[in-house]
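**Student:** mind looking at a prediction? Sequence and model below.
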Amino acid sequence: MNTKIIISLFLIFSASVALSASLNSYPFSLTQDKTATWTDGDGNVFSTFDCHLINLSEQTVTLTEVIANRAPVAVWGALSYSESKKFGLQSWAQQIQPNQTINFGYLVECANPISWSYCVPNAEAPASKK
């Protein structure tokens, strides 16, 4: 195969790779407050958390989807229901103004909070070498 074709294909596929970042790193700050914990009759531990996501940047940030490292049992507020670990944001919560807070909550089957991340839009492809 021609070297130019290989480099072109590499750049095309690299451009489509989505990078993810923690919701608790710039431009965001995420606080998770545990509001309740209990154990059911079978010994399973459940907890609820209220979350406050703040845009720390000086620009409006668009956020359409967040990813959980553990699937919650239920979500509310700014998050839409999902059967996976990816959750869309409600349309009213997708444009986050500077210093604006977006609130959501969740129920999880454990005592610890979930780690949340998001896809970094328009991740830059590696520079090509000539």
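**Tutor:** Done, it's in. Because the structure is a prediction, the values reported are computed rather than measured.

**Student:** and the gap between the residue nearest the centre of the chain and residue 22?
**Tutor:** Centroid-nearest residue in the chain: residue 66, 2.5 Å away (criterion: Cα atoms, centre = their mean). Distance of residue 66 to residue 22, computed by Cβ to Cβ, to the nearest Å: 11 Å. For glycine as for every other residue, the C-beta is placed from the backbone atoms N, C-alpha and C.

**Student:** overlap in contacts, those two.
**Tutor:** Common neighbours of residue 66 and residue 22, using Cβ atoms under 8 Å, 6 or more residues apart in numbering, are 116, 117.

**Student:** okay, now the unreliable bits of the protein?
**Tutor:** 1-19, 121-130 (pLDDT under 70).

**Student:** if you set the cut-off to 80 instead, what comes out?
**Tutor:** 1-20, 120-130 (pLDDT under 80).

**Student:** which stretches of it form helices?
**Tutor:** Here the chain has its helices, by DSSP state H, at 3-15.

**Student:** strands of that one, start to end?
**Tutor:** Using DSSP state E, the strands of the chain run over 19-22, 28-39, 45-55, 61-62, 65-68, 74-77, 86-88, 95-96, 101-108, 116-120.

**Student:** the residue found closest to residue 96 once you drop the neighbours it is linked to in the chain and residue 30, how far apart?
**Tutor:** Nearest residue to residue 96, sequence neighbours excluded (Cβ to Cβ, 6 or more residues apart in numbering): residue 55, at 4.2 Å. According to Cβ to Cβ, residue 55 stands 11 Å off from residue 30.

**Student:** quick check: neighbours shared by those two?
**Tutor:** Between them, residue 55 and residue 30 share no contacting residue, judged by Cβ under 8 Å, 6+ apart.

**Student:** re the thing from before, isn't the residue nearest to residue 96 up against residue 97?
**Tutor:** Yes. Between residue 55 and residue 97 there is a contact at 6.6 Å, judged by Cβ atoms under 8 Å.

**Student:** fine by me, thanks again.
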